[in-house]
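[1] Mind folding the following:
(chains A and B)
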Amino acid sequence: MRRGHRSWLVMLALVASWLAPGPMSAQDTPIRGGTLVVAIPSDPGHLNPAITTSGATHTAAELLYNGLLGRDERGNPVPELAESWQIEQGGAVYRFRLQPGVKWHDGTPFGSADVKFSFDEVLLKFHARTKASMEGPLAGIETPDDRTVVFRFKQPYAPLLFQLDATEAPIVAKHIYLGTDPQTNPANLNPVGTGPFKFVSYKKGAEIRLAKNPGYFKKNLPYLDEVVMRIIPDAATQVLALENGEVDFLWAVPGPQQARLHADPRFKLAQTAYNPGGSNCIMTVSFNLDRPVLKEPRLRRALAHATDRQQFLTQVLFGEGKVATAPISSEIPWAHAAGLPMPRLDRAEAERLLDAAGWKKEGDGPRVARGIAGVSDGTKLAIDFVHFPTFSKYGELIRQQWGAVGVAVTLKPLEPAAFAPAIFKDRNFDTNVISYCNGPDPEIGVRRMYHSSQISPAPFTNAAAFRNAQVDALFDEAARTVDRDKRSKLYRQIQEVAVQQLPYFWLVETLTTRAWQARCADFKSWVGLFAEAASCKR
Amino acid sequence: MSTRYLLKRLAQALPAVGAILVLTFFLVHLAPGDPSVALGGEHGDPGYYALIRAKFGLDRPLSMQLLIYARNVLGGDLGTSFVHGRPVVHVIAERLPATLLLMSTALVVSTFVGVSHGTIAAWHARRPTDLLLRSVALAGQAAPSFWLAQGAILTLAIGTGLFPVQGMTDARRVSTGLAYVADVARHLVLPALVLAVGELALTTRLVRAALIEALGTDYVRTARAKGLPELTVTRHALRNTMLPIVTLIGSRVGMLCAGAVLVESVFAWPGVGHLLLASVLARDYPMLLGLFLLVSVSVVLANLLTDLACGWLDPRLRYE
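    From the prediction side, this is the model:
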């Protein structure tokens, strides 16, 4: 092992030991009162999380709302607006009993009609993930009485309990949105929710102020009097504002600054795979299977063997994450398939596979085609690699690592707004890197990458254009299978096929580092209601 | 200067503003990218994005979109922001005061300090003071503003604790009246200083060069021979060097707008520069066009004001 590499690993181990996951520091006796200032990176534009999956809106607004269910630290569903639930007819019917006495921030009583309205008129029309996953399978929502909601599906539907939190399905007020266009309703800027905090003011480009909801249905919560979401676009400025005491909580700390903050006893840090814009994300290389050169499985396997994934973890993420060991995130432990034969770094094997595929090394330049059907002799092995500008370091490493086995890589940075049409609509790429977020259930964030029905212009679907009838059938069966053990086996089979065929190559699972003032505690890093039970010493 | 001249100048500016608008319309729409993803978020199905495109008229031919936009602008309607869901004019109006405050403070500081430095440098031409001031000016001009901004935060905010790192007001305290003014002033110091430093250098160098030349002219020699104090002599000379300086300052409004984009982002100053950057990333076409229109009109007006100021400074100038 080279000395440089070793020192990286030592630093990584140190950072990992600081950031070992665990509860975000408990306060013995929570203190009531006080203001929590939270840095958010962008102006959300509006505060209705039911009409968008935009991370900016969800980060700023989820404290104002609730879902039917929440999630505990392990990702299991827990009561929220629904106090209990029953699964009937093998998973085709879900019956929820709502909490008694819940009121909207304006004092109007909350009831089952609000839930039905939220799904029928808002979520299933405008919340991209909920619409994409539930619109087809859902037969209808019934409200037999004011405290009961029944979801009926056309066939058993397994993931429902994992897509009912404030991120996936925030419940909005029927009396506010009825008969209006939910996208232009003035309440999007003056929101009325059921959440632990009420809306106070929204100064565009500057801050959003929320105040304690004294009538919150969870007893004794929240502790804080006020939460201020301060818009600070520059990540370095956010850290400096934390150090200067102007801000109390950061959603994300850039890698290079983590060691400095950790060394300072005034701050606490913790890592999480959850983010309001998407959770359980894996940085993934897509191979465009519509391109003749990349259709060759030996070439894809060779590129995987040429990739040193540890370098991405140390040099790009500064230890914020882990090398991916399966196509599904290890943060969804029941669906993650451990022990799969993922291609390891082996440049000799990569060169052997390239030679075998007809890509020969001649001189110092890129390899050239010799005797490959459909490729004229002498064609150089040159491919492009499309990435967000923020992922340029991934591109640089890929160019260097694949270049070492004779593959010429041209980097093509594209902003997010240009990236999606180039990849999914025009399909104008050889390879790319995407942060595919698996979400709380594989049905939400994994199916879209592999199911052939997901080869579409819609952004962040099946970029590889992977078509496999067996995989399609397994996904369809998994969606209908409520028993978790059985689902787990189905997802394992899917991952075995994926690792064998390599339509993608999974680099690193990413984590985000939160930081906050040590005088504050009890943040829930795994849900959007992160400050519901938080408190700060004065 | 006649009202007729003013009207003539404004009428001349209209085609320029119109041309800028058409050009930026095509530039903005022809740049790769699609606002529907930024608007709807990821993971939607094609029908969802089609709905968004239809809602905002993005599915119509570009020429049709331009015609509709031009008609609306002539009627005083700059459209509705895709991201904010509200009229562009309202969103800009909320942010404009912050940017105007930042830019005008930076302009006043850079002008005042630049003229003072330039004058002192001219008095001590080719001596150590001159060299020092010129070097400082050159360093200020050469340093990238993001570096200056970070340096200012580390030394003046974190280092001394006198100034806040970000924002326009204190997030923990909502103040009113004089306390609010003081709070904003405290937050204004660093961003205005960073924005001013780049401009300061140009003004210093121009004033120095112009004043050295003016102080060597015959009328200055005569004034000195008559025994006028040096300060009075300089005042006379300075007035004669003001025309190029005022022209320079007027022409820097566009550059100040560009500088504001970066400085506002680093200091989280809630102005239109910060809004412009976010709108580019989200491909918020109506907002971008509204902001470009604002900048182009500002530059035209700044040029007009420069001409007016020159006429006031030099009564020999006649505008017809």
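[2] Only C-alpha atoms, please: export stretch B:59-71 in PDB.
    What follows is stretch B:59-71, C-alpha atoms only, in PDB (Å, rounded to 0.1, in the frame of the first residue of the first chain):
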ATOM      1  CA  ASP B  59     -44.700  23.100 -25.100                       C
ATOM      2  CA  ARG B  60     -45.400  25.900 -27.600                       C
ATOM      3  CA  PRO B  61     -43.100  26.900 -30.400                       C
ATOM      4  CA  LEU B  62     -40.300  29.300 -29.300                       C
ATOM      5  CA  SER B  63     -41.500  32.100 -31.700                       C
ATOM      6  CA  MET B  64     -45.000  31.800 -30.200                       C
ATOM      7  CA  GLN B  65     -43.500  32.000 -26.700                       C
ATOM      8  CA  LEU B  66     -41.600  35.200 -27.700                       C
ATOM      9  CA  LEU B  67     -44.600  36.800 -29.200                       C
ATOM     10  CA  ILE B  68     -46.700  36.200 -26.100                       C
ATOM     11  CA  TYR B  69     -43.800  37.400 -23.800                       C
ATOM     12  CA  ALA B  70     -43.300  40.600 -25.900                       C
ATOM     13  CA  ARG B  71     -47.000  41.300 -25.800                       C
END
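[3] Give me the distance from that stretch to the chain's centre.
    Centre-to-centre, stretch B:59-71 and its host chain are 30 Å apart (C-alpha atoms, centre = their mean, to the nearest Å).
[4] In a helix, A:A515, correct?
    No. Assessed with DSSP: H, G, I helix; E, B strand; the rest coil, A:A515 is strand; it does not lie in a helix.
[5] Okay, and the beta partners of it?
    Beta bridges link A:A515 to A:L250, A:L269, judged by DSSP bridges.
[6] per-residue confidence for it?
    On pLDDT, A:A515 comes in at 95.
[7] now swap in A:P77 and tell me
    At A:P77, the model reports a pLDDT of 92.
[8] contacting residues for it?
    Residues in contact with A:P77 (C-beta atoms under 8 Å, 6 or more residues apart in numbering or on different chains) are A:L69, A:G70, A:R71, A:L161, A:F162, A:L164. In short, each C-beta sits where N, CA and C put it, glycine included.
[9] near chain B, which residues of the stretch 351-500 of chain A?
    Within the stretch 351-500 of chain A, the positions near chain B by C-beta under 8 Å from any C-beta of the partner chain are A:414-418, A:420-422, A:425, A:444-445, A:448, A:456-460.
[10] hmm, try it at 7 Å
    Within the stretch 351-500 of chain A, the positions adjacent to chain B are A:414-418, A:420-422, A:448, A:456-460 by C-beta under 7 Å from any C-beta of the partner chain.
[11] Pull out the buried residues from the residues you listed.
    Using 16 or more other C-beta atoms under 10 Å in any protein chain shown as the burial test, those include A:414-418, A:420-422, A:448, A:457-460 as buried.
[12] Run through the helices of the stretch 151-300 of chain A in chain order.
    A:174-177, A:235-243, A:255-262, A:292-295, A:297-305 (DSSP state H, counting those that start in this stretch).
[13] Could you export those as a markdown table, including mean neighbour count, distance to chain B and mean pLDDT?
    Converted to a markdown table, those look like this (neighbours: other C-beta atoms under 10 Å in any protein chain shown; distance: least, C-beta to the nearest C-beta, whole Å; pLDDT from 0 to 100):
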| stretch | mean neighbour count | distance to chain B | mean pLDDT |
| --- | --- | --- | --- |
| helix A:174-177 | 20 | 14 | 97 |
| helix A:235-243 | 23 | 5 | 94 |
| helix A:255-262 | 17 | 12 | 88 |
| helix A:292-295 | 16 | 23 | 93 |
| helix A:297-305 | 23 | 25 | 97 |
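[14] Adding neighbour count and pLDDT, write the contacts of A:P77 out as a markdown table.
    Shown next, in a markdown table, are these (neighbours: other C-beta atoms under 10 Å in any protein chain shown; pLDDT from 0 to 100):
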| residue | neighbour count | pLDDT |
| --- | --- | --- |
| A:L69 | 23 | 96 |
| A:G70 | 23 | 93 |
| A:R71 | 26 | 89 |
| A:L161 | 22 | 94 |
| A:F162 | 20 | 90 |
| A:L164 | 30 | 95 |
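[15] Next step: the residues you listed restricted to strands.
    Residues of the contacts of A:P77 located in strands (DSSP state E): A:L69, A:G70, A:R71.
[16] which one of those is nearest chain B?
    Nearest to chain B among the ones in strands among the contacts of A:P77: A:R71, at 18.4 Å, using C-beta to the nearest C-beta.
[17] can you count the residues close to the closest residue to chain A within the stretch 151-300 of chain B?
    At 3.4 Å from chain A, B:P270 is the closest residue in the stretch 151-300 of chain B, using C-beta to the nearest C-beta. By other C-beta atoms under 10 Å in any protein chain shown, 24 other residues sit near B:P270.
[18] Can you give me the distance of it to B:E94?
    9 Å (C-beta to C-beta, to the nearest Å).
[19] same thing with B:G250?
    B:G250 is 27 Å from B:E94, where distance means C-beta to C-beta.
[20] now A:G371
    Distance, A:G371 to B:E94, using C-beta to C-beta: 66 Å.
[21] More neighbours: these two, which one.
    B:E94 (19 against 8).
[22] on that earlier part again, would TSV of the contacts of A:P77 with distance to A:A139 be doable?
    Converted to TSV, the contacts of A:P77 look like this (distance: C-beta to C-beta, whole Å):
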residue	distance to A:A139
A:L69	20
A:G70	26
A:R71	26
A:L161	18
A:F162	20
A:L164	17
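[23] So which of the residues you listed is the closest to A:T237?
    Comparing the contacts of A:P77 against A:T237 with C-beta to C-beta places A:R71 closest, at 31.4 Å.
[24] Got phi/psi on B:A137?
    Dihedral pair for B:A137: phi -60, psi -40, per degrees, to the nearest 10.
[25] Could you look up the SS state of the closest residue to B:V17 other than its chain neighbours?
    Using C-beta to C-beta, 6 or more residues apart in numbering or on different chains and skipping residues adjacent in sequence, the residue nearest B:V17 is B:S296, 5.4 Å away. Secondary structure, three-state DSSP: B:S296 is helix.
[26] Per-residue pLDDT of B:S296, please?
    Per-residue pLDDT puts B:S296 at 84.
[27] surely it meets B:I20?
    Yes. Using C-beta atoms under 7 Å, B:S296 is in contact with B:I20, at 4.4 Å.
[28] Kindly list the longest helix within chain B.
    Determined from DSSP state H, the single longest helix within chain B is helix B:177-215.
[29] Quick one, grab the pLDDT at residue 226.
    Looking at chain A here, since you left the chain open. For A:E226, the pLDDT comes out at 96.
[30] not what I meant, chain B
    90.
[31] Run a quick neighbour tally on it.
    8.
[32] Likewise for the one 5 residues further on?
    One way to gauge burial is a neighbour count; for B:L231, by other C-beta under 10 Å, it gives 9.
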